[in-house]
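Peer 1: Sequence first, then the predicted structure:
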Amino acid sequence: MGFVDLLQSIIPPALFFSAPLIFTALGGVFSERSGVVNIGLEGLMVMGAFVGIVFNLAFADVLGAWTPWVSIIAAMVVSAIFSIIHAVASVSFRADQVVSGVAINFLALGLGVFLTKQWYGKGQTDMVSRPFYTSDIPFLSDIPIIGDIFFKGIYVTSYVAIILALIVWIVLYKTSFGLRLRAVGEHPMAADTNGINVYKMRYIAVILSGALGGLGGSVYALTIALNFSHATIVGQGFMALAAVIFGKWHPLGALGAALFFGFAQSLSVIGGGVPLLADVPQVYLLIAPYVLTILALAGFIGRADAPRANGVPYIKGNR
Amino acid sequence: MDYVIEMLNIRKEFPGIVANDNITVQLKKGEIHALLGENGAGKSTLMNVLFGLYQPEKGEIRVNGQKVNITDPNAANDLGIGMVHQHFMLVEPFTVTQNIILGNEPTKFGGVNIKKAEKEIQELSDRYGLRVDATAKISDISVGMQQRVEILKTLYRGADVLILDEPTAVLTPQEISELMEIMNSLIAEGKSIILITHKLKEIMQACDRVTVIRKGKGIGTLNIPDTTVTELASLMVGREVSFETKKAPAEPKETVLNIENLFVRDTRKVDTVKGLNLDVRAGEIVGLAGIDGNGQTELIEAITGLTKSHSGSIKLKDKNITNLSPRKVTESGLAHIPQDRHKYGLVLDFPIGENIVLQTYYQKPYSKNGVLNYKEIYEKAKALIEEYDVRTPDVYTPARALSGGNQQKAIISREIDRSPDLLIAAQPTRGLDVGAIEFIHNKLIEERDKGRAVLLMSFELDEILDVSDRIAVIFDGEIVANVKPEDTNEQELGLLMAGSNKEKAGAE
Amino acid sequence: ACGGGSDVDNGSEGDAPDYTAAIVTDEGGVDDKSFNQSAWEGLQAWGEEHDLSKGEGFDYAQSNDASDYLPNLTSLVRDDYNLVFGIGFLLEDAVSDVAGQYPDTNFAIVDTVVDAPNVASITFAEHEGSFLVGVAAAMKTESDQLGFVGGVDSDLINKFEAGFVAGAKSVNPDIEVDIQYVGDFSSADSGKLIATRMYNDGADVIYHAAGAAGNGVFAQAKDIKQNDPDRQVWVIGVDRDQYEEGEIGDHNVTLTSMVKRVDTSVQEVSNLGVNGEFPGGEIVEFGLADEGVSAAKTNEEALTDDIVTEIDNWKEQIINGDVEVPQTRDELESFESSL
Amino acid sequence: MTSNKAFNILIPLISVFLGLVAGAIIMLIFGYNPIHGYAALWEGAFGDLYVFGETVRQVTPYILTGLAVAFAFRAGLFNIGAEGQVIIGWLAAVWIGTSFEAPMIIHLPLAIIVAALAGAIWGFIPGLLKARLGVHEVIVTIMLNYVALYSANSIVRNVLSDNEDKTEKVAASASLASEWLQGLTYFSRMHYGILIALFAAVIMWFIIERTAVGFELRSVGFNKHASKYSGMNVPKNIILAMVISGIFAGLAGSMEGLGTFGNLNVKSGFTNLGFDGIAVALLGANTAFGVVLAAILFGALKVGALNMPTEAGVPTELVDIIIALIIFFVASSYIIRWFILRFKKEEK
Ligand SMILES: Nc1ncnc2c1ncn2[C@@H]1O[C@H](COP(=O)(O)OP(=O)(O)OP(=O)(O)O)[C@@H](O)[C@H]1O
Ligand SMILES: Nc1ncnc2c1ncn2[C@@H]1O[C@H](COP(=O)(O)OP(=O)(O)OP(=O)(O)O)[C@@H](O)[C@H]1O
Ligand SMILES: [Mg+2]
Ligand SMILES: [Mg+2]
């Protein structure tokens, strides 16, 4: 297998693996940048996957080709609403945000599987009939080499994810909304005295993380898993959280980290069939993404400074 | 009426405490109006009410004669009221401009138009002589400039009334007089100012009228020309106060702390202590005077073992303690009242009793073979709390629930009780009221009289001048002068602290 | 249809037996589209046959976790079921333990062997079924390149692999089979990636023996078909007839499936129990002859007559004993050299 | 004022109560009879000696993983990695248990100690990285969970067996299983590990509350700066906390390897013991005694849940929802506290 072939068999899957992580990690960036720790990303993804699949199954006949798109929007909406629980607990009720996030994880999985059993009478849904399919990007895919590697047989959602990361970067760093959001996560009282409603900003940020987590979960479900069960989302949310921290709470950093995870993961699966790596015992390929992340953190990424007020409930009037 | 602001019969309660009890303040247009009171008197609370951060339980606010309801800081802004808070409200990783426009951003195509804002702010700064670099990051600029940023922030929002909450507490004498000038130029532009302070001299110097608050109650408003420092002081405290700390002349003995040619780097790997030499002898209090950021923090951290020095030596009673761990340094006979009592001095969630043994928990009788003896610990704590008059319901109460002054007393009791050879006190009276300050000053002098060496670091020149037997001025990581308090004054000290000595030396 | 083939049920038709049976699933419910579901269907059919209803005469207990196997088995024993099935080799230890504890109860284990006098071990000749789908694949391929995606690299799945390769090479010794294991039976994403690579590398028929991970293989095949309806991509399903999984628009990418009649086996073993002929301590193997394993022929469009003929031809030979299908990689090697 | 101690007991109780009420409401909404549902749950957890034994069996590792998470929490660290430490401890225990035979008095303690050590190493890595390089322990422990899972699978397959998906059973001399206990409980898998778990809880209580080491750990957990100021070695304490945390989790793994299962399977996913341990620790307010009570509650809920589908038709996941809500209520203790205080005021 030539090098280009190798890239061609690794890059598109890497992009497809990364997309759900990118979406969810961007949600995490919003939430944590506003000062709300979000361990609940996993649960938000579960909710997104559940809703995306259920919606897809229910409306495939009505919506036709639009089904997957409408499904992920439905998943975003429902997960956004679901995330309000975390917002209420950690913003209004001054809950320990880690604890509340853990509760979100348990709750989403419990509810998802419980409702699946209620509605379908079994522990997993059917396969959706209208998932996302890969496509070639017109024109770009005709570029030699580059086109083959980056623009052939790729899910549109992967591009959406990358573009969204850029948008989030612009929103956070170039708009007044972003300035306010970051201020709330660094020094909520300063923001408050500048007339910014800290609670509102944090609610918005958590709800955005819900929407994006739901998007991540539903994209995972509609590109990769194609049905919903207790085993659909297992740890991807935690990987997204890791991408947030690895990426130093920066949208483009999170994008890079998620792409790295996706690349490493696709390499670990594909590697078995790549002559160069065929002799490497599979376990090394499997653990490579995780070990590399640790080494990167220990070696050159180093200390990551969280937003200063991350995890601290804001109590108005407290000095 | 020509009052811009009237706060009439304001009452504000916090759980278990009436912070403002029927206070009235009226601000005339174009005046500098002082708000005077002890710590905890309720000054900040009153102003936070005016700024919309708190809602009063009772009372009425009028702006230009109109009754208003100030629900939040935005409402205050709209009414032309701006506030510079006691603790700066600046987002450190942001630039000056970002901080100023926050919440009020000019936009272009939906994005923040930062270029335009920068230009506007630079212009505004120049107009009032504020000398602020609009593009600098807050974490990179001095405290003085941070304060000017805060002032700029109110001006940018078009404030006509500025509330300055203890703006001088963190400034050098020179910076203070600069601030006074700025205030005058603001008045000249038609603004009105409320200045909170408990420094009487400043009030006499800069203000037109003063309202005195004591224990949440308004005592009255006076015209500055009609009053004196002594009158204001007794109004504020409610009794006669002596301004001089009484103490016998020092009798310095052998050298306890000896620092030679010390170099220390800060977290950014920049030298902040550069070849510093300092001696402190038994039986004397050495005051370390200097503007914040000239290496005093790193110096103290290096002595106490919290930071490593990279060359030079520190000796405590002839024992070399350079780069020993904090534990070893403590055991060698050093006690340290830290600058930031919440960050370093206390584990706020521990009971007071456990805070009392924070450095000695592992020693007998507090623990034996690694097992704690709570009976001994709490007995000790009870004894100290009694002796130092720490007001707390009991020794099991978390330190967090104590007032600032009582927290500080607990720390001091712990440190002094270890009978150290050297006591380092960093800003020991910051944020405390007159009573507590008196108590602490007397304790320091008492320790001196017992033959201990005391190093007192403070940004308050009054304190340095009152308490020290000798003053070491630190500038740019070096001791640039050693002077006796009786041979100097605030003005001269201020100049030394600003490096006049060194510059002169360089010029020669 | 094949349930009727057993000769034991005639006498007991109609009257409710005092013999009761239940199954314990492995991780995954009775709706897993795989052999938990198959087993439950078999038990339900058996219940119907004897006029029993769920909870009265037959039932199931679902395991959510490996630690649930034993309590589930035990609770069914203690509910006085006469015969308790452990569905799947994962339950081997649990069945072996509980069989020792309750020697008076009958147990059966599917897909592996537990050596105890009160346990019937139900196995299937997966290698033979795999041989037939290998034949189909070899007939269908245009690139002479096939893929095999296994779940976990174990003796059981190696049987599928060996049979498949043997079948394909028997038709055309030049065919290459690209073999890769997912590492588990659940990672559909990994399954999809592996399939992506195999199809990219030129394989046009992939046989998966990877449980839910195999869903990824279907997903990838359908994806290719969606983009390029003219391209030749096929999947061979496993355990049940996975025809449904292959539907994509007007096409269907499921060439055939290696069907394991777990349902029949459960039904038959239960009936043996009813008749007092419970095969305790024995290994009951279901193979081609009794339709215990087979190649599904649902996709008539894809499975042309000559392919079907060829399959039936080889099936004959295997049943006759003319062809001995290899079960391990070693056996495969000597099989290949004998070609 | 209602004292803090009273709140610390009251709030978990109220949370559990509210969680169960919410569960009942959900059952009503979906047309189940909550009384039947909860009766089935109770029956399934305590109805007879067999299920009681099974409940104890489930409680055992929960106590240990709960302690693991709680211990780290007390030192200000969030150990999401208990999961991986469980797997590694399990692997180590089984490795020792299957590799040789020796008198029980040596073999069993050795297997347990090696499991604890393995867990300790798995805790040491994130502890070291946190203490020396400031690397976030949450991310390192998440990563190590996967490393543990895949490595253990590979070792089972390639080292401890000949390409099988499980190891042999551990030698009788390394087994925690007890015929006596099994006989007593109609062959439940209850084993002697519960004694180890309870003993570990006592150890945690003693270390944290009674020793100078515990004093340091708690101090570091609350305020690193003040701890450093007062002469404590903060990095050392961070590492120590993670190591001890890992030991508890490693022990939990040995409970499964030497007690419940007696071997190690290739796992397709996590055991969830470590993740559930987070919930146990949080409900137990990170105290040893609280963890034991919370583990009993969660163990009973999990085992009892198995009985709900058959007896009352209620899906087992209802229990997960209830657990989630309980944690949620514990998290929102501020609001519960507020309600209590208001209630009291109105009474007066
Ligand atoms: N958010 C709050 N909650 C409870 N009590 C408060 C709060 N803010 C202030 N207090 C209390 O109200 C009283 C007045 O406080 P305030 O901050 O107004 O005093 P101050 O005069 O500004 O003192 P200082 O000179 O220390 O700034 C103090 O006893 C203080 O403890
Ligand atoms: N977090 C808290 N929890 C409980 N009580 C508190 C808390 N913070 C402050 N208090 C109470 O509020 C009162 C005022 O505290 P504060 O620190 O403002 O005192 P202060 O008036 O500034 O006194 P001091 O001059 O001693 O600093 C204290 O007596 C304290 O008991
Ligand atoms: Mg104040
Ligand atoms: Mg105070």
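Peer 2: Great, that's in hand. Ligands and ions are numbered 1, 2, ... in the order given.
Peer 1: now residue A:221, what's its secondary structure?
Peer 2: helix (DSSP: H, G, I helix; E, B strand; the rest coil).
Peer 1: how much space between it and residue C:282?
Peer 2: Residue A:221 sits 44 Å away from residue C:282, going by CB to CB, to the nearest Å. All C-beta spots, glycine's among them, are computed from the backbone N, C-alpha and C.
Peer 1: Neighbour count for the two, which is higher?
Peer 2: residue A:221 (33 against 14; other CB atoms under 10 Å in any protein chain shown).
Peer 1: State the distance from that one to residue C:218.
Peer 2: With CB to CB as the criterion, residue A:221 and residue C:218 are 15 Å apart.
Peer 1: Residue D:239 against residue D:125, yeah?
Peer 2: No - at 9.8 Å, residue D:239 does not count as touching residue D:125 under the criterion of CB atoms under 8 Å.
Peer 1: Does anything pack onto the helix or strand hosting residue A:55? Which helices or strands?
Peer 2: Residue A:55 is part of helix A:41-63 when elements are defined by DSSP states H and E. On a contact count with 3 or more CB pairs under 8 Å, 6 or more residues apart in numbering or on different chains; DSSP states H and E, helix A:41-63 meets helix A:3-33, helix A:67-87, helix A:97-120, helix A:198-220, helix A:236-246.
Peer 1: hmm, the longest one touching chain C?
Peer 2: So that's helix A:3-33. Yes - using CB under 8 Å from any CB of the partner chain, helix A:3-33 reaches chain C at A:5, A:8-9, A:12-13, A:17.
Peer 1: ranges for the strands of the stretch 51-200 of chain B?
Peer 2: Assigned by DSSP state E, counting those that start in this stretch, the strands in the stretch 51-200 of chain B fall at B:58-63, B:66-68, B:81-84, B:107-108, B:111-112, B:161-165, B:192-197.
Peer 1: Give me the neighbour count for residue D:34.
Peer 2: Residue D:34 has 18 nearby residues by other CB under 10 Å.
Peer 1: Secondary structure element for the closest residue to it other than its chain neighbours, which one?
Peer 2: Excluding its sequence neighbours, the residue lying closest to residue D:34 (CB to CB, 6 or more residues apart in numbering or on different chains) is residue D:24, at 3.8 Å. Assessed by DSSP H and E, residue D:24 sits inside helix D:4-29.
Peer 1: List of residues touching the helix or strand following that helix?
Peer 2: Scanning forward in sequence from helix D:4-29 by DSSP H and E, the next helix or strand is helix D:34-46. Under the contact criterion CB atoms under 8 Å, 6 or more residues apart in numbering or on different chains, helix D:34-46 has outside partners D:20, D:23-25, D:27-28, D:51-52, D:55, D:299-301, D:303-308, D:310-312, D:314, D:318-319.
Peer 1: now the angle between helix D:4-29 and helix D:34-46, please.
Peer 2: 120 degrees (axes from the mean of the first three to the mean of the last three CA atoms, to 10 degrees).
Peer 1: List the buried residues in whatever helix or strand comes next after helix D:34-46.
Peer 2: Next in sequence after helix D:34-46, counting helices and strands by DSSP H and E, comes helix D:49-74. Of all the residues in helix D:49-74, those buried under the rule 16 or more other CB atoms under 10 Å in any protein chain shown are D:50-74.
Peer 1: so does helix D:49-74 get close to chain B?
Peer 2: No - using CB under 8 Å from any CB, helix D:49-74 stays clear of chain B, with a minimum separation of 11.2 Å.
Peer 1: and that helix with chain A, contact?
Peer 2: No - Helix D:49-74 lies out of reach of chain A by CB under 8 Å from any CB, never closer than 9.0 Å.
Peer 1: got the angle for that helix vs helix A:97-120?
Peer 2: Inter-element angle recorded for helix D:49-74 and helix A:97-120: 140 degrees (by the same axes, to 10 degrees).
Peer 1: Of the strands of the stretch 51-200 of chain B, which stretch is the most buried?
Peer 2: For these, average neighbour numbers computed from mean count of other CB atoms under 10 Å in any protein chain shown are highest in strand B:81-84, which has a mean of 27.
Peer 1: Can you give the strand pairings for it, parallel or anti for each?
Peer 2: Sheet partners assigned to strand B:81-84 using DSSP bridges are listed as strand B:161-165 (parallel).
Peer 1: Contacts for the strand it pairs with, please.
Peer 2: Applying CB under 8 Å, 6+ apart, the external contacts of strand B:161-165 come out as B:4-5, B:27, B:43-44, B:47, B:50-51, B:80-86, B:151, B:154-155, B:183, B:186, B:191-196.
Peer 1: Residue C:149 should be in a helix, yeah?
Peer 2: No - Residue C:149 is assigned strand when assessed by three-state DSSP, not a helix.
Peer 1: got the contact list for residue 173?
Peer 2: I'll assume chain A. Here residue A:173 is in contact with no residue (CB under 8 Å, 6+ apart).
Peer 1: nope, chain D please
Peer 2: Here residue D:173 is in contact with D:101-104, D:107-108 (CB under 8 Å, 6+ apart).
Peer 1: how about the residues of chain C near chain A?
Peer 2: C:28-32, C:62, C:64, C:178, C:180-183, C:186, C:188-190, C:192-194, C:196-198, C:200-201, C:212, C:215-216, C:218-219, C:222-223, C:226-227, C:245, C:247.
Peer 1: of those, buried ones?
Peer 2: Buried members of the residues of chain C next to chain A, scored by 16+ other CB under 10 Å, are C:28-32, C:62, C:64, C:178, C:180-183, C:186, C:188-190, C:192-194, C:196-198, C:200-201, C:212, C:215-216, C:218-219, C:222-223, C:226, C:245.
Peer 1: hang on, the earlier thing: counting neighbours, which bits of the helix holding residue A:55 end up buried?
Peer 2: Buried residues in helix A:41-63, counting neighbours by 16+ other CB under 10 Å, are found at A:41-57, A:59-60, A:63.
Peer 1: Report the angle between that helix and helix A:67-87.
Peer 2: 150 degrees.
Peer 1: Average pLDDT for helix A:41-63, rounded please.
Peer 2: Averaged over helix A:41-63, pLDDT sits at 95.
Peer 1: Alpha carbons of that helix, as PDB, please.
Peer 2: Extracted C-alpha coordinates of helix A:41-63, given in PDB (Å, rounded to 0.1, in the frame of the first residue of the first chain):
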ATOM      1  CA  LEU A  41     -20.900  15.800  28.200                       C
ATOM      2  CA  GLU A  42     -21.100  12.000  28.100                       C
ATOM      3  CA  GLY A  43     -24.700  12.200  29.200                       C
ATOM      4  CA  LEU A  44     -25.500  14.900  26.800                       C
ATOM      5  CA  MET A  45     -24.100  12.800  24.000                       C
ATOM      6  CA  VAL A  46     -26.200   9.900  25.100                       C
ATOM      7  CA  MET A  47     -29.300  12.100  25.100                       C
ATOM      8  CA  GLY A  48     -28.400  13.300  21.600                       C
ATOM      9  CA  ALA A  49     -27.900   9.800  20.300                       C
ATOM     10  CA  PHE A  50     -31.100   8.600  21.700                       C
ATOM     11  CA  VAL A  51     -33.200  11.500  20.400                       C
ATOM     12  CA  GLY A  52     -31.400  11.400  17.000                       C
ATOM     13  CA  ILE A  53     -32.200   7.800  16.500                       C
ATOM     14  CA  VAL A  54     -35.800   7.900  17.900                       C
ATOM     15  CA  PHE A  55     -36.600  10.900  15.700                       C
ATOM     16  CA  ASN A  56     -35.100   9.300  12.700                       C
ATOM     17  CA  LEU A  57     -37.000   6.100  13.100                       C
ATOM     18  CA  ALA A  58     -40.200   8.000  13.700                       C
ATOM     19  CA  PHE A  59     -40.100  10.500  10.900                       C
ATOM     20  CA  ALA A  60     -38.100   8.800   8.200                       C
ATOM     21  CA  ASP A  61     -41.200   8.200   6.100                       C
ATOM     22  CA  VAL A  62     -42.400  11.800   6.400                       C
ATOM     23  CA  LEU A  63     -39.100  13.600   6.000                       C
END
